[in-house]
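Peer 1: build me a model from this:
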Amino acid sequence: HSANYGAISFDTRGVGGYVERARIDNGGNMQVSAGQFTVGTTASTGLQFINDGTFGTLHSADLTFRTASATRMTLDTSGNLGIGTTAAAKKLEVWDATQGVIRIRGGGGGSNSSRKADLSLFASGAREYIVRADASDAAFKIVDASDSNAERFVIDSSGSVGIGTDDPQTSLHLYGGASG
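Peer 2: Here you go, the predicted model:
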């Protein structure tokens, strides 16, 4: 008996003899050694797995992710990704019947003052701004990444708001430069 006992092998004949292209082992696992694996028909619809790590749908079919028989996420043919919806109107849409939440978490559990959670907003050719939750001082910030990460807006851990300053001294502290 060989290690391949009970396996099904799909071969093609080449110049040097037969070359294995795909195999279903005795555990039911399928391996494609070259090319691609398609589920469905290439003439109409299907799901395609390519040996470079690419997978997707054929032709004009959305890619749908399901768990427990329910659709959880859909990537449509225009490139819009819907989480909780099958009809995303923008590049990313998160929907929930009561509260759609996106959570960005910087770091693991516990406390570490160097952890940050950032959302970068950048319009090509314009400035880049970062919306940040910063563990170093427990503050919420809007940072100008195009200007050496200058903090333009801060809500510190006590709830004081600073505009133009990263250290608000009153409930609302506006700073406009040397003239104050």
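Peer 1: low-confidence regions, the protein specifically.
Peer 2: Applying pLDDT under 70 to the chain picks out residues 1-5, 33-37, 41-45, 108-111, 178-180.
Peer 1: show me where it has its helices.
Peer 2: Remark: no helices are assigned in the chain by DSSP state H.
Peer 1: what's the closest non-adjacent residue to residue 79?
Peer 2: Taking CB to CB, 6 or more residues apart in numbering as the measure, residue 79 lies nearest to residue 91, with 6.7 Å between them; neighbours along the chain are not counted. Backbone N, C-alpha and C define where each C-beta goes, glycine included.
Peer 1: burial check on residue 90, number of neighbours?
Peer 2: By other CB atoms under 10 Å, the residues close to residue 90 number 8.
Peer 1: neighbours of the nearest residue to residue 166 once chain neighbours are set aside, how many?
Peer 2: Nearest residue to residue 166 in three dimensions, chain neighbours excluded: residue 151, at 4.1 Å (CB to CB, 6+ apart). Residues lying near residue 151 (other CB under 10 Å) number 19.
Peer 1: cool, residue 73 as well?
Peer 2: Around residue 73 there are 17 other residues, counting by other CB under 10 Å.
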